[in-house]
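1. need the 3D shape of this:
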Amino acid sequence: MKYFVVDAFTDTIFKGNPAGVCLLDHPVDDVLMQNIAAENNLAETAFVLTADGGYDLRWFTPEVEG
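-> This is a model prediction of the structure:
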């Protein structure tokens, strides 16, 4: 898994809203995704998985899946 923090809704570094983005190599358990989001403690953490020529996207706040 690769993990990045991106500044969303801006074109200026250290502005906008920080969000976590996890690029997955394979599906992971819902509980693990929720625990990662809680540990990151950002408004959102997105989990992206390549699937069927496209992408699956799930996102979590520190407390719940969005």
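2. contacts only, for the most centrally placed residue in the chain.
-> In the chain, the residue lying closest to the centroid (CA atoms, centre = their mean) is Ala46, at 2.0 Å. For Ala46, the contact set (CB atoms under 8 Å, 6 or more residues apart in numbering) comprises 19-22, 57-59. C-beta here means a position set from N, CA and C on the backbone, and glycine is covered the same way.
3. how does it look with 10 Å?
-> 4, 6, 8, 19-23, 33, 37, 57-60, 66 (CB atoms under 10 Å, 6 or more residues apart in numbering).
4. what does Phe9 give?
-> Per CB under 10 Å, 6+ apart, neighbours of Phe9: 15-17, 19.
5. buried subset of the contacts of Ala46, written for PyMOL?
-> In PyMOL, a selection of the buried entries from the contacts of Ala46 looks like this (16 or more other CB atoms under 10 Å):
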select buried, resi 19+20+21+22+33+37+58+59+60
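6. circling back to that earlier point, which residues does the residue nearest to the centre of the chain bridge with?
-> Taking DSSP bridges, one finds Val21, Trp59 as the beta-bridge partners of Ala46.
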